[in-house]
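Engineer: this is a predicted model, with the sequence first.
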Amino acid sequence: MGEAPRGGRTRMVGVAAGAEGVDARAPAMNMHAGAPPPTPAATVVVVRDGAGSLEVLMLCRQVGLAVHGGAYVFPGGKVESGDALLEEALCHERPRALRDALGEPELSEDEAVALYVAAVRETYEDAGILLAESASCEGACAVAVERAEPFADIVRRYDLRLSTLVPWSRWITPAASFTSSRRFDTRFFVCAAPEGQLARHDVGESSEAVWLTPQEALRRFACGEIKLLPPQFMTLTHIATFMDVASVIAAAHGRRPYVVRPVPLGEGDHRMVVYPGDELHPQRERVMPGPTRLFFVDGRYAPAVPRPG
């Protein structure tokens, strides 16, 4: 993604449906036809109560990375083959209950377990935060980061019980993404930051780990100071409607995760992605707050089109 427009001569102008080369009649229902299935993945929105406001953990991907270099993201990554083997380390819930919480009856119980474990593992590997319930949890985290042991070995060595995270949403990369040929079927989870642990970013993938209020992250994005991908932008927009960690967790418990299937439309300089609730999306019912379309201009997504003026 490119840098956002800067300077006082730029203004933001919305584009009406079907205008400026965007074909409102473009087929949306068969966007995935013939495309390979997306890779299962998990992402965790780690939240904490800051000094008077809610804060979210963000990682800045190394600029030199081929995929979304320089973007601010939540900890996360694809499911690995060994994730389902750590079922016994999950605390509280049985596999069927975990699957039911995801709202995906077509999943096998092993697939559901793997998603929860991947979420915990990726948070540990990306941010050095160990989401587990154990008397030795804090010490295990410090040893693990120092020795760089495989996650499964850490779990077994310290007999950890992984925390059961709360599903938040599900994002499925469209087959015709403007920014990447890789597709993911990503389940977003939310959790409260564990006390006594500090975020330690993986220097191979990230340049920093920062705590930001959703409002500050969105402000910095609007000013062109940071880059956000659409799932992060839309999730931050939603999280910004809550006052504290308790309200976020309660909201997640109070509903099934919503599913977002973005639909890319247009070509050339007139490209955008529409979301459920938009008049150009096949799903007319909204599933989340925020804009129902993001425009893709100069390598950057934005809720309105930048125009010199």
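Structural biologist: Received the coordinates, thanks.
Engineer: and the helix ranked longest in the chain, how far from the chain's centre?
Structural biologist: The longest helix of the chain (DSSP state H) is helix 109-127. Centroid displacement of helix 109-127 relative to its chain, using CA atoms, centre = their mean, to the nearest Å, is 14 Å.
Engineer: direction included, what does the following helix or strand past that helix pair up with?
Structural biologist: Downstream of helix 109-127, the first helix or strand assigned by DSSP states H and E is strand 132-133. Here strand 132-133 has these sheet partners by DSSP bridges: strand 161-162 (antiparallel).
Engineer: and the strands in the stretch 51-200 of the chain?
Structural biologist: 54-61, 71-73, 76-78, 132-133, 161-162, 166-172, 184-192 (DSSP state E, counting those that start in this stretch).
Engineer: and whichever helix or strand comes after the longest one, what does it pack onto?
Structural biologist: Using DSSP H and E, the helix or strand that follows strand 184-192 in sequence is strand 206-212. Packed against strand 206-212 by the contact rule (3 or more CB pairs under 8 Å, 6 or more residues apart in numbering; DSSP states H and E) you find strand 54-61. C-beta coordinates here come from the backbone N, C-alpha and C atoms, glycine included.
Engineer: what residues does the strand it packs on touch?
Structural biologist: 45-49, 68-75, 126-127, 129, 193, 199, 201, 205-214, 217, 226, 232, 236, 239, 242-245, 248 (CB atoms under 8 Å, 6 or more residues apart in numbering).
Engineer: what's the answer for stretch 110-125, then?
Structural biologist: For stretch 110-125, contacts defined as CB under 8 Å, 6+ apart pick out 40-44, 46, 75-80, 83-84, 86-87, 89-90, 95, 98-99, 102, 104, 129-132, 141, 144, 151, 154, 162-165, 187, 189, 202.
Engineer: again, 7 Å this time
Structural biologist: Outside of stretch 110-125, the residues within contact range by CB atoms under 7 Å, 6 or more residues apart in numbering are 40, 42, 44, 46, 75-77, 79-80, 83-84, 86-87, 90, 95, 98-99, 102, 129-131, 151, 162-165, 187, 189, 202.
Engineer: which of those residues are buried?
Structural biologist: The neighbour-count test (16 or more other CB atoms under 10 Å) marks 40, 42, 44, 46, 75-77, 79-80, 83-84, 86-87, 90, 95, 98-99, 102, 129-131, 151, 162-165, 187, 189, 202 as buried among the contacts of stretch 110-125.
Engineer: which residue, other than its chain neighbours, is closest to residue 197?
Structural biologist: Spatial nearest neighbour of residue 197, chain neighbours left out: residue 129 (5.3 Å); criterion: CB to CB, 6 or more residues apart in numbering.
Engineer: am I right that the one you found is in contact with residue 199?
Structural biologist: Yes - counting by CB atoms under 7 Å, residue 129 does reach residue 199; the two are 5.9 Å apart.
Engineer: got any residues that touch both of these two?
Structural biologist: Common contact partners of residue 129 and residue 199 (CB under 7 Å, 6+ apart): none.
Engineer: which SSE is immediately downstream of the least confident helix or strand in the chain by mean pLDDT?
Structural biologist: Least confident helix or strand of the chain, by mean pLDDT, DSSP states H and E, is strand 10-13 with a mean of 26. As assigned by DSSP H and E, the chain's next helix or strand after strand 10-13 is strand 39-49.
Engineer: picking up where we left off before, now, of the contacts of strand 54-61, which are buried?
Structural biologist: For the contacts of strand 54-61, a neighbour count by 16+ other CB under 10 Å gives the buried set as 45-48, 68, 70-75, 126-127, 129, 193, 199, 201, 205-206, 209-214, 217, 226, 232, 236, 239, 242, 244-245, 248.
Engineer: follow-up on the earlier one: just send the strands of the stretch 51-200 of the chain back as TSV, with distance to residue 264 too.
Structural biologist: Formatted as TSV, the strands of the stretch 51-200 of the chain follow (distance: least, CB to CB, whole Å):
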stretch	distance to residue 264
strand 54-61	22
strand 71-73	18
strand 76-78	22
strand 132-133	39
strand 161-162	36
strand 166-172	13
strand 184-192	15
